[in-house]
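**Q** just coords:
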Ligand SMILES: O=C(O)C1=C[C@@H](OP(=O)(O)O)[C@@H](O)[C@H](O)C1
Ligand SMILES: C=C(OP(=O)(O)O)C(=O)O
């Protein structure tokens, strides 16, 4: 579906309800499968969450998790400990290009029986469930934190618990802390200090616990971007978006958005569990925004596109994980920002966008490369120029109602192909 979107009113007001964090959802679903008695509210309605839930309920030998990175990594660990069960875990073409060797090596060193069915180091995997007998593992922590979270989630089921020793600079640290906090919430003792994580063994009986998932901050980023772009328009244009349900003490690292976007003229405040976003037109925008996003890689595309639309230059570093996500996000940003008239340079771990001084090119068609965040990151530019988004349905990976929600904010949408 090729979607042409724009917001000619230059008017932005509305209330948006976003469902639970997909990261928290997929951790809690796995813990629920191990613990029983755990109930979860405000689950993510994302494809990734639904696929995870179905995979955990399935009795089939072959399980296809499509594009869901967390499901692939977390379920590799989960099926490794399902004694006497054989599982073939596969995913989309892109998933078969996303490396998993570090996690497989770590699980094998603990006693897991995992074989590669196609390419060494990549899904699909054949997993023969067994009891993992060892209790200490060392792995490289600089490629994906999901490998570490996967081990943490099953750690308490091992007879002697699990000590995870991390080598190198740890990436996406808030996601590891999220896993740690959720383990604590379900009563599993765990610590994370320096380069070492320790999970105590636990009797995984009925926990009788109800957890309400906070809404997804990565999804909230597109509204921060929209409000920031209103900085371009005159004083009289009302701008207020309320999004719910959020917490001031979030487990999600992407909550750092609130702080980052103050630099781009967005003021956000809490009213109970509602987050109210407004534009601060008196804010003088920087010439250049410099950020290290190694702790919040999923908001890199949103921020780069906000800067493009606002005519702010940006240097984003700590982006080494972007090349192995749903697409090579650095290359994808390079191609699509160039189409709009921007000047951008990328390396394998950073990007630099020059301050744009000419208007954005109109009616560009943005390719999305099977990446939900490419579609959603570029959509807010519809407040500046008419823009076409290719394969718009791709948003369902994390935010299936994104286009409907955008419509309620006055965006017109026309399917043109
Ligand atoms: O653990 C998680 O829920 C996630 C961790 C991050 O991945 P990396 O650790 O691979 O950067 C993030 O990009 C992804 O969307 C979700
Ligand atoms: C990278 C992402 O997801 P995953 O790695 O879980 O596929 C994402 O949602 O941006």
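**A** Right, received. Where do you want to start? On a predicted model such as this, the values are computed, not experimentally measured, just so you know. Ligands and ions are numbered 1, 2, ... in the order given.
**Q** can you pull out the strands in the stretch 201-350 of the chain?
**A** 209-212, 239-244, 266-271, 274-279, 288-292, 313-317, 344-346 (DSSP state E, counting those that start in this stretch).
**Q** List the buried residues of the third one.
**A** Along strand 266-271, the positions that meet the burial threshold by neighbour count (16 or more other Cβ atoms under 10 Å) are 266, 268. (C-beta placed from N, C-alpha, C; glycine too.)
**Q** same for that strand, what does it pack against?
**A** Packing partners of strand 266-271 (3 or more Cβ pairs under 8 Å, 6 or more residues apart in numbering; DSSP states H and E): helix 217-229, strand 274-279.
**Q** would a markdown table of the strands of the stretch 201-350 of the chain with mean pLDDT and distance to residue 120 be doable?
**A** Shown next, in a markdown table, are the strands of the stretch 201-350 of the chain (pLDDT from 0 to 100; distance: least, Cβ to Cβ, whole Å):
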| stretch | mean pLDDT | distance to residue 120 |
| --- | --- | --- |
| strand 209-212 | 96 | 38 |
| strand 239-244 | 96 | 44 |
| strand 266-271 | 97 | 46 |
| strand 274-279 | 97 | 45 |
| strand 288-292 | 98 | 33 |
| strand 313-317 | 98 | 31 |
| strand 344-346 | 98 | 28 |
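**Q** As JSON lines, those strands with distance to ligand 1 would be great.
**A** Formatted as JSON lines, the strands of the stretch 201-350 of the chain follow (distance: least, Cβ to the nearest ligand atom, whole Å):
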{"stretch": "strand 209-212", "distance to ligand 1": "16"}
{"stretch": "strand 239-244", "distance to ligand 1": "19"}
{"stretch": "strand 266-271", "distance to ligand 1": "22"}
{"stretch": "strand 274-279", "distance to ligand 1": "20"}
{"stretch": "strand 288-292", "distance to ligand 1": "14"}
{"stretch": "strand 313-317", "distance to ligand 1": "14"}
{"stretch": "strand 344-346", "distance to ligand 1": "17"}
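**Q** List just the one of those that sits closest to residue 1.
**A** Among the strands of the stretch 201-350 of the chain, strand 239-244 comes nearest to residue 1, with 24.8 Å by Cβ to Cβ.
**Q** what's the angle from that closest one to helix 217-229?
**A** On the basis of axes from the mean of the first three to the mean of the last three Cα atoms, to 10 degrees, strand 239-244 is oriented at 170 degrees to helix 217-229.
**Q** all helices for the stretch 51-200 of the chain, in order.
**A** Taking DSSP state H, counting those that start in this stretch as the criterion, the stretch 51-200 of the chain carries its helices at 69-80, 101-110, 145-155, 173-185.
**Q** Contacts for the longest one next, please.
**A** Contact with helix 173-185 is made by 23-24, 27-28, 31, 145-146, 148-149, 152-153, 156, 170, 190-192, 197, 199, 209, 211, 251-254, 294-296, as judged by Cβ atoms under 8 Å, 6 or more residues apart in numbering.
**Q** Could you see whether ligand 2 lies near it?
**A** No - Helix 173-185 lies apart from ligand 2 when judged by Cβ under 6 Å from any ligand atom; the minimum separation is 9.7 Å.
**Q** Now that helix: buried residues?
**A** Under the neighbour-count criterion of 16+ other Cβ under 10 Å, helix 173-185 has 173-180, 182-183 buried.
**Q** List buried members of the contacts of helix 173-185 by neighbour count.
**A** Using 16+ other Cβ under 10 Å as the burial test, those include 23-24, 27-28, 31, 145-146, 148-149, 152-153, 156, 170, 190, 192, 197, 199, 211, 251-254, 294-296 as buried.
**Q** which of those residues are close to ligand 2?
**A** Among the buried ones among the contacts of helix 173-185, no residue is within reach of ligand 2 (Cβ under 6 Å from any ligand atom).
**Q** now residue 33, what's its secondary structure?
**A** Classification of residue 33 using DSSP: H, G, I helix; E, B strand; the rest coil returns helix.
**Q** okay if I get the helices of the stretch 51-200 of the chain as TSV plus mean pLDDT and distance to ligand 1?
**A** Converted to TSV, the helices of the stretch 51-200 of the chain look like this (pLDDT from 0 to 100; distance: least, Cβ to the nearest ligand atom, whole Å):
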stretch	mean pLDDT	distance to ligand 1
helix 69-80	98	5
helix 101-110	98	11
helix 145-155	98	3
helix 173-185	98	4
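**Q** Which stretch among these approaches residue 327 most closely?
**A** Between the helices of the stretch 51-200 of the chain, helix 69-80 lies closest to residue 327; by Cβ to Cβ that is 12.1 Å.
**Q** so what secondary structure elements neighbour that closest one?
**A** Against helix 69-80 (3+ Cβ pairs under 8 Å, 6+ apart) you get helix 22-35, helix 47-57, strand 86-90, helix 101-110, strand 113-116, strand 125-128, helix 145-155.
**Q** if you compare the ones you listed, which one is most tucked away?
**A** helix 145-155 (a mean of 27; mean count of other Cβ atoms under 10 Å).
**Q** which strands and helices sit next to it?
**A** On a contact count with 3+ Cβ pairs under 8 Å, 6+ apart, helix 145-155 meets helix 22-35, helix 69-80, helix 101-110, strand 136-140, strand 162-167, helix 173-185, strand 196-199.
**Q** Same list, those, but as JSON lines with distance to residue 226 please.
**A** JSON lines is the format used below for the helices and strands packed on helix 145-155 (distance: least, Cβ to Cβ, whole Å):
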{"stretch": "helix 22-35", "distance to residue 226": "21"}
{"stretch": "helix 69-80", "distance to residue 226": "26"}
{"stretch": "helix 101-110", "distance to residue 226": "36"}
{"stretch": "strand 136-140", "distance to residue 226": "38"}
{"stretch": "strand 162-167", "distance to residue 226": "37"}
{"stretch": "helix 173-185", "distance to residue 226": "24"}
{"stretch": "strand 196-199", "distance to residue 226": "38"}
